[in-house]
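Colleague: Model the structure of this input:
(one chain, ligands or ions: 1)
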Amino acid sequence: MDSHAVTYALYGVGAAALIGSLAGLKARLELSKAKHRSLAGHARISRRLASFIPFYEYDEHRFFCADGAPEEIATRRRAAFARLAALYRTRYPETARLTAEATEAISDLQFTERYRVPFQFSRMVREHLPTGAFLQSSAGVTVTDLDGNVFYDLTGSYGVNLFGYDFYKDCIRRAEERARALGPVLGAYHPVIAANVRRLREISGLDEVSFHMSGTEAVMQAVRLARYHTRRSHLVRLCGAYHGWWGDVQPGIGNPVPAHETYTLKDMSEATLGVLRRRNNIACVLVNPLQALHPNASAPGDSGLIDSSRRSHCDRRAYAAWLEQLREVCTERRIVLIFDEVFVAFRLARGGAQEYFGVEADLVTYGKTLGGGLPVGVVCGRKDLMRRFRDDRPADICFARGTFNSHPYVMAAMDEFLTRLEEPPVRALYGDLDRVWSDRAAQLNAWLEAAGLPVRVACLSSIWTVLYTRPSRYNWMLQYYLRAAGLALSWIGTGRLIFSLNYTDADFAAVADRFVQAAAEMERDGWWWCDPATTDKAIKRGVLKEIFTHRF
Ligand SMILES: Cc1ncc(COP(=O)(O)O)c(C=O)c1O
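Modeller: Numbering: from 1, shown residues only. Just a heads-up that it's a prediction; the model follows:
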């Protein structure tokens, strides 16, 4: 080869490399544009930032005036806090005693206790307003603690409790009777499974079913199947969505291992569709339809309630239109569309989110309430996607097992659940579901507004979240007033209220009345005092300043 030929060859290689790197750059830029601007949209940065934030807490003085409230307001808050602490001490002694004892050795409890409120306030709150972790019974829409206090249940047992605790007690009792003869035999199936499969196929509109032990496992299996059949590596989850605690669906804070094969992209965004259209490595898109209530935002726990910027509003039509677009692109690009309905299935409609939003998925995961009160995870899917082996490559399989999959008692409880789902009283509940719950939310909002309180609620059917309309650092206190008013919340506090569908108008009116009274008391106690010049942005800036000061 002469020297010209070598030069041309080098130019050629250089040009190809340049084109390649420009194309790579374009793809990276496109991916960046499809990330939500919030920290929830940036897993790696949020993990780094989390390791940067130092622990600090407010002393007794600052606890009551972290927002710069004048002494008169701080004094009012201090007196209210002492009164509430005395009430908690006298009203919940046995529940609090056993909780304190158990917390010593139950890591889960240590975690939830610590993260009920922003960490700067946490210790004082834990010491003086201990939240009981124990209950002795449930009935109707209430639960009773170890001291005999009866609460309206707004926890919904993480969403499991859809039809009321008595409904599930009945499912479990009947299931135990029916599965007793076989007992806990595993591997072989109880015949009741056949009926479950038939009904699940009808409800999901999909061909095949697999049983698992939790929602997390169902999601793991759905994603594994998608990767196996598409031979592609990456899964796309939408910003803020929870899909259980498996590492690949939980990149960022909470997971010590980076999830290298997960893209977290913007919900309801054209940029996300662009990435799906152009990348060749995407196996599946996971959708948690609950995000329709707060697209791109994470689960609204009160520990993150450092100001009043929590926003939430469900636009059903807009979300349905988005899902339709997603459906089209997934079909076009042979990307597997997975609806993770572990939380919302049966709650939004009998046919779940697919029916509610009018969009069909390729795989659907179920769990929670479907077990009739017992633990379960289910994947329903298209025949070609559910297959775990290839006819032409006998060693190339997609493995999935689980000791307790298809446990006879769980399967019988599921059958009870699905049987009741077909009965007229339950079918009737679905007729007017959305209207009933949005009317109730509107009614509570009207009462809150009439009382001049800076609190509102937003809902996706029976799943609610509490919003705050005045800039404040103390919104998280509301959960302690609500508890004192006899309303039980889960450990994420006012971020999530979950109603069961057996709430009558009278039950709801009682809850709404207590809610308004509790908020009014909190207002009187000065927690929502606000410097007229303050904004949520200013509050955030103030907290950031504290963090930097403590860090350096
Ligand atoms: C949408 C969704 N997917 C998966 C899971 C995980 O289910 P489990 O807690 O049964 O593992 C949850 C739990 O809250 C969920 O809400």
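
Colleague: Checking whichever residue of the stretch 1-150 of the chain sits closest to the ligand next. Helix, strand or coil?
Modeller: Closest residue of the stretch 1-150 of the chain to the ligand, Cβ to the nearest ligand atom: D108 (12.4 Å). Glycine gets a C-beta too; all of them are placed from N, C-alpha and C. Assigned state for D108: helix (three-state reduction, DSSP: H, G, I helix; E, B strand; the rest coil).

Colleague: Now stretch 193-206: average pLDDT?
Modeller: Mean pLDDT, computed over stretch 193-206, is 98.

Colleague: can you tell me how far the residue of the stretch 1-150 of the chain closest to the ligand sits from R401?
Modeller: To R401, D108 is 26 Å away according to Cβ to Cβ, to the nearest Å.

Colleague: Tell me which of these two has more neighbours.
Modeller: Remark: of D108 and R401, D108 carries more neighbours, 11 against 6, as counted by other Cβ atoms under 10 Å.

Colleague: Which pLDDT does the model give the more buried one?
Modeller: Per the predicted model, pLDDT is 96 at D108.

Colleague: swap in T403?
Modeller: T403 is assigned 97 on the pLDDT scale.

Colleague: Now the phi/psi pair for it, please.
Modeller: Taking degrees, to the nearest 10, you get phi -50, psi -50 for the backbone angles of T403.

Colleague: give the contact list for it.
Modeller: Neighbour list for T403: L186 [criterion: Cβ atoms under 8 Å, 6 or more residues apart in numbering].

Colleague: Within range of the ligand, give me the residues from the stretch 251-400 of the chain.
Modeller: Residues of the stretch 251-400 of the chain lying close to the ligand (Cβ under 6 Å from any ligand atom) are 288, 340, 342-343, 367.

Colleague: so which of these is the most crowded?
Modeller: Going by other Cβ under 10 Å, D340 tops those with 31 neighbours.

Colleague: thinking that residue is in contact with Q291, fair?
Modeller: No - with contact defined as Cβ atoms under 8 Å, D340 does not reach Q291; the gap is 10.0 Å.

Colleague: Name the residues contacting each of those two.
Modeller: Overlap of the contact sets of D340 and Q291 (by Cβ under 8 Å, 6+ apart) consists of A241.

Colleague: what's around the closest residue to F52 other than its chain neighbours, how many residues?
Modeller: Closest residue to F52 apart from its sequence neighbours, by Cβ to Cβ, 6 or more residues apart in numbering: R551 at 6.8 Å. Residues lying near R551 (other Cβ under 10 Å) number 10.

Colleague: Now do the same for R551: its pLDDT.
Modeller: pLDDT at R551 comes out at 90.

Colleague: for R44, same thing?
Modeller: Per-residue confidence (pLDDT) for R44: 89.

Colleague: Assign it to helix, strand or coil.
Modeller: Here R44 is recorded as helix under three-state DSSP.

Colleague: again, but for R174
Modeller: helix.

Colleague: Make residue 1 into 11 and carry on from there
Modeller: Right, with 11 as the first residue, what we last looked at is R184.

Colleague: so how far is the ligand from the residue nearest to it when sequence neighbours are not counted?
Modeller: With Cβ to Cβ, 6+ apart as the criterion, R184 has its nearest non-adjacent residue at 5.1 Å, and that residue is E426. Going from E426 to the ligand by Cβ to the nearest ligand atom, to the nearest Å gives 19 Å.

Colleague: residues touching E426, list them.
Modeller: Contact analysis of E426 by Cβ under 8 Å, 6+ apart lists 180-181, 184-185, 382.
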